[in-house]
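Engineer: Mind looking at a prediction? Sequence and model below.
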Amino acid sequence: MIETTALLFSVCSIKYFIDQAQSKGKLPILFFCLFMSLAFLQKSTTAAPVFISLCLDHCYIGIEKFYPQGPKALLYHLLRGAAILTIPFVIAVTWITYSHIIRFENSLGQQVSLQPWFWGTIKQRLSHEMYYTVLWKRIFLQNLAGILGVIVLVAPFKLIKIPKAIHLLIAGAILLALLPILMFANVHIIHTYYQTANLIFLIYAAAISLGCSIHYYPERAYFL
């Protein structure tokens, strides 16, 4: 499927983005640009939320790690990240612009504007259909055991022994799952298959949550 292929490329890009952030040479930069670009070319609505999350992560690392070292260290970190992230971004914008030019060569395409249709409306983002049908029924009820899935995702934030880094990891995975729905509200309401790309991140967050809860609170593991 288009959705799962774009998801594969996006997940690969996350792996290599982490590698380049840990200074593992130039090869991860090449692979990140390759897979992120392929994800955009395959399906921009799947790749864009991942790309935005990686941009936010890069800024967070800069503030957390490089800001204490001084303005020069922070500026170098931000500029280095901007240079890396610009490559797939430019490729994505070029491809989307080109596809729009081709579409408007067709008389029917001239009458249809896909951009507002993809984004949806504020009303949709606040609607019962968004939170009950999409989030609750399609995602949590059908795939994460309903209320049990919610408890599993929330539990680590209430357990004081679990490190802050784990909290950030789980929160980041949840963000990757929810951001696409909030960005492209209309298509997520209309198409049931769009949530395929969201579930993998929630399942990952749930797995980390369960594993860490059992590790740090083995005496309570029998409840799970």
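Structural biologist: Yep, that arrived. Numbering: from 1, shown residues only.

Engineer: measure Trp136 to Gln142 for me?
Structural biologist: Distance, Trp136 to Gln142, by CB to CB, to the nearest Å: 9 Å. Just so you know, the C-beta spots here come from the backbone N, C-alpha and C atoms, and that holds for glycine as well.

Engineer: swap in Gln20?
Structural biologist: Taking CB to CB, one finds Gln20 at 36 Å from Gln142.

Engineer: between those two, which one's more packed in?
Structural biologist: The neighbour count for Gln20 versus Gln142, taken as other CB atoms under 10 Å, is higher for Gln20 (20 against 13).

Engineer: quick one: which helix or strand includes the residue nearest to that one when sequence neighbours are not counted?
Structural biologist: Using CB to CB, 6 or more residues apart in numbering and skipping residues adjacent in sequence, the residue nearest Gln20 is Pro28, 4.1 Å away. Secondary structure from DSSP states H and E places Pro28 in helix 27-42.

Engineer: likewise Leu199?
Structural biologist: Applying DSSP H and E, one finds Leu199 within helix 196-216.

Engineer: helices and strands around that helix, which ones?
Structural biologist: helix 2-21, helix 142-143, helix 147-154, helix 164-183 (3 or more CB pairs under 8 Å, 6 or more residues apart in numbering; DSSP states H and E).

Engineer: Of all those helices, which one comes closest to Lys65?
Structural biologist: helix 2-21 (9.5 Å; CB to CB).

Engineer: angle of the closest one against helix 196-216?
Structural biologist: 50 degrees (axes from the mean of the first three to the mean of the last three CA atoms, to 10 degrees).

Engineer: Quick check, central residue of this structure?
Structural biologist: Leu176 (2.9 Å; CA atoms, centre = their mean).
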